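J.: Pasting the sequence and the predicted coordinates here, then a few questions.
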Amino acid sequence: MITRALVIWLLLMLAETIHGILRGLLLVPLVGQIRANQIGVAFGSLLILVISILTIKWIKAVRISELLTVGIVWVLLTLAFEVGLGYVFGGWDRVSMDYDPRQGGLMPLGLLIMFFSPFIARRMRS
């Protein structure tokens, strides 16, 4: 189960990376960085839910404890990935902006949705 969850996490990160590149190229020039980030978290959360719904049976997590374990693994890996990339490409100021709601950062909301997405996906597929 965990190996399959890791494979899907890699798929999630690939989808989110492509989403982030497209957001930067297409949306930021239209609405600005802060608004683009806010729209991006909403769309990214939807993307995570859709991928979760399509793959949850393949992951083979069934019990609530398994579903929440998948969610927490995804969140912890994503935090490491996001903080690492954020620091390399923008420094700590960039990282704090993404996680600070006062600066338009909605990443905590996205991570919360990511945490519950396996559970939501299983409920929707049952």
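T.: All right, it came through fine.
J.: tell me which residues of the host helix or strand of residue 49 are tucked away?
T.: Take DSSP states H and E as the rule and residue 49 turns out to sit in helix 33-59. Going by neighbour count (16 or more other Cβ atoms under 10 Å), the buried part of helix 33-59 is 36-41, 44-45, 47-49, 51-53, 55-56, 59. Bear in mind the C-beta positions are built from the backbone N, C-alpha and C, glycine included.
J.: what's around the closest residue to residue 108 other than its chain neighbours, how many residues?
T.: Distances taken as Cβ to Cβ, 6 or more residues apart in numbering put residue 99 closest to residue 108, at 6.1 Å, once the chain neighbours are dropped. Residue 99: 17 surrounding residues under other Cβ atoms under 10 Å.
J.: Also residue 21?
T.: Applying other Cβ under 10 Å, I find that residue 21 has 10 neighbouring residues.
J.: Got the confidence number for it?
T.: Looking at residue 21, its pLDDT is 94.
J.: What values do phi and psi take at residue 119?
T.: phi -60, psi -50 (degrees, to the nearest 10).
J.: Enumerate every residue touching residue 61.
T.: 1, 5, 67, 69, 70, 118, 122 (Cβ atoms under 8 Å, 6 or more residues apart in numbering).
J.: My error: substitute residue 30 in the last question.
T.: residue 36.
J.: Next: the one 10 residues further on.
T.: For residue 40, the set of contacting residues under the criterion of Cβ under 8 Å, 6+ apart consists of 19, 20, 23, 27.
J.: Remind me what the helix or strand just after the helix holding residue 49 packs against, helices and strands.
T.: Where DSSP H and E defines the elements, the next helix or strand beyond helix 33-59 is helix 64-99. If you count contacts as 3 or more Cβ pairs under 8 Å, 6 or more residues apart in numbering; DSSP states H and E, helix 64-99 packs onto helix 2-22, helix 107-125.
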